[in-house]
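take this sequence and fold it.
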Amino acid sequence: MKWSLKLNDIRVRDKMLILYIFSVFIPIVLTNIIFYQVTTNNVKNQRTQDISRAMEQIKNEFRSEIEDAVTVSSTFYVDININEILETEYVHPAEYIEAYNNYFRRILNNYTPMYNSVQSIKIYVDNPTLLHSGGIGYLTDETKQSDWYQALLSSKSSQPVLIRTYKEDNYMIGSIESTKKDTYSLIRRLDYYNSNNKWEKIIKIDMKVSAIQQIFSNLNLRGNVYLLDDLDMIQYSNDPEINWLQEMISYPALQFPRDIITFETNYATTGYLKGWKIIGTVSEEEVFSEVRKSRQFIIILAGINIVLATLIILWITRSFNARLVNIVRHMKKVKSQTFDTIKHGETRDEIGQLTREFNRMTMQIKSLIDDVYVADIQKKSLEIEHRQAQLNALQSQINPHFLFNALETIRMRSLIKHEVETAKIIHNMAKIFRTSLTWNRDRVTVEEEMEFILCFLEIQKYRFEDRLNYAVYVDPAAKACMIPKMMFLPFVENASIHGIEPVKQGGKIDLRIVRDNEELVFEIRDNGIGMDKEKVNLIYSYLHSEDAIGDRIGMQNVIYRLKLIYGERFHLQIDSTPGRGTYICLRIQLDQVE
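Sure thing, here's the model as predicted:
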């Protein structure tokens, strides 16, 4: 017994030598082998991630350059002044020069240097009274035979078309370089004002070749990069082995060595880059070169670990058996919530310290166990606050695009003629802005909500004139019922903007709100263009989706808010047929509303 106590006071000595081989040497060897494998995989994965990030960077930067050109084209697309200048038939060239200098020249000078990616902006028209210079070109028969014009003809929408073209100056003068399609152009019809158009107008925005080349010369990607269009034809590459500038080369037709690793990133499935992708090819040697560099370091590190561990274990010994068993036994008691301390004599080695710390930990666990319930209550409170914050965030996402459309309509109409009804519309718009920007009240009465909806409908009536008629009925018993703010408006907005707006005449919206016992019933019917079954099923899917709403708006926003507020205590019915209009019915239990 005395010997045992003395042994417990010895720090480290020969008693661990027998256990060294089985408890230290073999584990260290295995650990270093595993460490080598893990490190190798980590280095490989890190290099792969670096290449993938470089690909994403190239993708995003190229898309950003294209989006700059799209922004410029959109500005010209909706500019009514430019449309009027290009549509006017000028009797004398001086009249056109005056209009050009007063507005058009300033627009070109503002946008051409604003974006580094834009090389030049040119509008092609077939109006013979315009002087074809200074950013204006004539749509000749030769121009109409060009690749970019044919590509625009094949596009049925008003969206811009991205195409690789020749440098216009070289092409026009028959330069040796004219056969190289090394310029990217964004082509778009200026047909926003279709009803007033007599002449064909096309804007052509040429991109800077140097900006595109700089994007694809990413130093983190030591390999070849290929930009492919939706037909897998190579539109750009830094591969010196292929002549993509003068030939249309299909990427699948290329032959690569077996040790090539391919990285691919795709653009969106819609828009002007639909189907486009970027592919990077890197040799395995480049990827694994960093792995091979780390091999020698790992071997040296493994040797140091074994030598140091051997020296330390030979120098330090511990008496541990009886006291470790005792500690384990008490740990099992803690598992069954029996918090007994270990009775022990004072020792100066590590196990003695472990025993003292175990006793301290046991007493702390016993004293802190009640605090867990307090923490749980606090956690639930934070969850409630989080849901409220999320609800407030959702409310702030109500789509205001109809406000801006209406304001634009009022502005244009007011410029043309003086109308008394304009003052009323502006008053309604002010009420809508004031209501939409004030969220200190998240509940309003049906009567207050209907006042807001009527303002919106009057504005839409102002916009569409005889194209829109509406009828509203509100049950007097339903007027005082409390509902979440702007709960019905998105349905009315959807019926007006997406249902009635495409209809040329005879549009009608019927709105009805009644109280049915303990339920509030909201019904809206329009005779607009309707929705197909796929669109209806998509809206129904919002009822079961658990995804965060993010920045999505409209009907999906309302459904998400209803799920947060009412859970399963509301019912949504949609009946819609393409060409025959849409009927929507929303039922809410009043005991959860009031």
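
show me what counts as buried in stretch 143-161.
Going by neighbour count (16 or more other CB atoms under 10 Å), the buried part of stretch 143-161 is 146, 148-149, 151-152, 160-161. Where you see a C-beta, it was placed from the backbone N, CA and C, and this is true even at glycine.

same deal with stretch 477-492?
Buried residues in stretch 477-492, counted by 16+ other CB under 10 Å: 478, 481, 483-492.

strands - which of these land there?
483-484 (DSSP state E).

adding pLDDT and distance to residue 364, write the buried residues of stretch 477-492 out as CSV.
Shown next, in CSV, are these (pLDDT from 0 to 100; distance: CB to CB, whole Å):
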residue, pLDDT, distance to residue 364
478, 89, 60
481, 89, 55
483, 87, 52
484, 85, 47
485, 81, 50
486, 81, 52
487, 83, 51
488, 85, 56
489, 85, 56
490, 86, 54
491, 89, 58
492, 89, 61
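
how close does residue 453 get to residue 66?
To residue 66, residue 453 is 40 Å away according to CB to CB, to the nearest Å.

err, residue 583, not the other one
Residue 583 is 42 Å from residue 66, where distance means CB to CB.

so these two - more neighbours on which side?
Relative neighbour count places residue 66 above the other of residue 583 and residue 66, with 23 against 17, counting by other CB atoms under 10 Å.

is the more buried one in contact with residue 163, as I believe?
No: if you go by CB atoms under 8 Å, residue 66 and residue 163 don't touch, sitting 11.5 Å apart.

quickly find the element holding residue 84.
helix 80-87 (DSSP states H and E).

go on, residue 364?
Assigned by DSSP H and E, residue 364 falls within helix 350-368.

on that earlier part again, between residue 66 and residue 163, which contacts overlap?
Both residue 66 and residue 163 are contacted by residue 184, under the criterion CB atoms under 8 Å, 6 or more residues apart in numbering.

pull the most distant pair out of the buried residues of stretch 143-161.
Greatest spatial distance among those (CB to CB): 146 and 160, at 16.4 Å.

ok, the closest residue to residue 494 other than its chain neighbours to residue 543 distance?
Spatial nearest neighbour of residue 494, chain neighbours left out: residue 555 (5.8 Å); criterion: CB to CB, 6 or more residues apart in numbering. From residue 555 over to residue 543 the distance is 11 Å, taken as CB to CB.

neighbour count: those two, which is higher?
Using other CB under 10 Å as the criterion, residue 555 and residue 543 rank with residue 555 on top: 20 against 14.

dump the residue contacts of the more buried one.
490-491, 494, 539, 542.

which one among those gets closest to residue 532?
residue 539 (11.5 Å).

give me the pLDDT for the closest one.
pLDDT, residue 539: 87.

quick check, it in a helix?
Yes: with DSSP: H, G, I helix; E, B strand; the rest coil as the criterion, residue 539 is part of a helix.

okay, now it: neighbour count?
The number of residues packed near residue 539 is 18, by other CB under 10 Å.

distance of it from residue 486?
Taken as CB to CB, the span from residue 539 to residue 486 is 18 Å.

which secondary structure element is home to residue 239?
Using DSSP H and E, residue 239 sits in no helix or strand.

need phi/psi at it.
Phi and psi for residue 239, reported as degrees, to the nearest 10, are phi -80, psi 110.

about what we covered before: filter the contacts of residue 555 down to the ones in helices?
In helices, judged by DSSP state H, the following of those are found: 490-491, 494, 539.

format these as JSON lines; extra columns: distance to residue 90.
JSON lines is the format used below for the ones in helices among the contacts of residue 555 (distance: CB to CB, whole Å):
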{"residue": "490", "distance to residue 90": "47"}
{"residue": "491", "distance to residue 90": "49"}
{"residue": "494", "distance to residue 90": "44"}
{"residue": "539", "distance to residue 90": "51"}
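
nearest to residue 77 among those?
Ranked by distance to residue 77 (CB to CB), the ones in helices among the contacts of residue 555 are led by residue 494 at 25.3 Å.

hang on, isn't that closest one packed against residue 554?
Yes: the criterion here is CB under 8 Å, and residue 494 meets it with residue 554 at 6.3 Å.

give me the more crowded residue out of the two.
residue 494 (21 against 18).

packing partners for the helix holding residue 364?
On a contact count with 3 or more CB pairs under 8 Å, 6 or more residues apart in numbering; DSSP states H and E, helix 350-368 meets helix 321-335.

tell me the buried residues in the helix it packs on?
Buried, per 16+ other CB under 10 Å, within helix 321-335: 323, 326-327, 330.

over to stretch 501-509?
For stretch 501-509, by 16+ other CB under 10 Å, it's 501, 503, 507-509.

next, format those residues as CSV and append secondary structure, distance to residue 193 and pLDDT.
Converted to CSV, the buried residues of stretch 501-509 look like this (DSSP: H, G, I helix; E, B strand; the rest coil; distance: CB to CB, whole Å; pLDDT from 0 to 100):
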residue, secondary structure, distance to residue 193, pLDDT
501, coil, 16, 83
503, coil, 20, 84
507, strand, 22, 87
508, strand, 27, 91
509, strand, 27, 91
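
for residue 518, which non-adjacent residue is spatially closest?
What sits nearest to residue 518 in space, not counting adjacent residues and going by CB to CB, 6+ apart, is residue 590, at 5.1 Å.

surely that neighbour meets residue 521?
No: Residue 590 lies out of contact with residue 521 (CB under 8 Å); the separation is 10.4 Å.

in the helix or strand hosting residue 583, what's buried?
When elements are assigned from DSSP H and E, residue 583 belongs to strand 581-589. Burial within strand 581-589, assessed by neighbour count using 16+ other CB under 10 Å, is assigned to 581-584, 586, 588-589.

tell me which other helices or strands that strand touches.
strand 519-526, helix 555-566, strand 570-577.

ranking the ones you listed by mean pLDDT, which is last?
Among the helices and strands packed on strand 581-589, helix 555-566 carries the lowest mean pLDDT (a mean of 82).

compute the inter-axis angle for that one and strand 581-589.
Taking axes from the mean of the first three to the mean of the last three CA atoms, to 10 degrees, helix 555-566 and strand 581-589 form an angle of 10 degrees between their directions.

buried residues in helix 555-566, which are they?
Buried residues in helix 555-566, counted by 16+ other CB under 10 Å: 555-563, 565.

export those residues to JSON lines and tack on distance to residue 227?
JSON lines is the format used below for the buried residues of helix 555-566 (distance: CB to CB, whole Å):
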{"residue": "555", "distance to residue 227": "38"}
{"residue": "556", "distance to residue 227": "35"}
{"residue": "557", "distance to residue 227": "37"}
{"residue": "558", "distance to residue 227": "41"}
{"residue": "559", "distance to residue 227": "40"}
{"residue": "560", "distance to residue 227": "38"}
{"residue": "561", "distance to residue 227": "43"}
{"residue": "562", "distance to residue 227": "45"}
{"residue": "563", "distance to residue 227": "43"}
{"residue": "565", "distance to residue 227": "48"}
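
re earlier: which among the ones in helices among the contacts of residue 555 gets closest to residue 443?
Nearest member of those to residue 443, counting by CB to CB, is residue 490, at 16.9 Å.

now do the closest one against residue 498, distance only.
Counting by CB to CB - residue 490 and residue 498 are separated by 11 Å.

and if you look at residue 575?
16 Å.

what sits in contact with each of residue 590 and residue 521?
By CB under 8 Å, 6+ apart, residue 590 and residue 521 have these common neighbours: residue 515.

quick one, what contacts residue 155?
Residues near residue 155 by CB under 8 Å, 6+ apart: residue 161.

gap between it and residue 471?
Distance from residue 155 to residue 471, by CB to CB: 41 Å.

how about residue 209?
60 Å.

which one's more surrounded, those two?
Neighbours were counted for residue 209 and for residue 471 using other CB under 10 Å; residue 209 has more, 14 against 10.

backbone phi and psi for the more buried one, please?
Main-chain dihedrals, residue 209, degrees, to the nearest 10: phi -60, psi -40.

ok, back up a step: quick one: residues in contact with the helix or strand that the helix holding residue 84 is followed by.
The first helix or strand that comes after helix 80-87 along the chain, using DSSP H and E, is helix 93-99. Contacts of helix 93-99 with the rest of the structure, by CB under 8 Å, 6+ apart, involve 85, 88, 90, 129-131.
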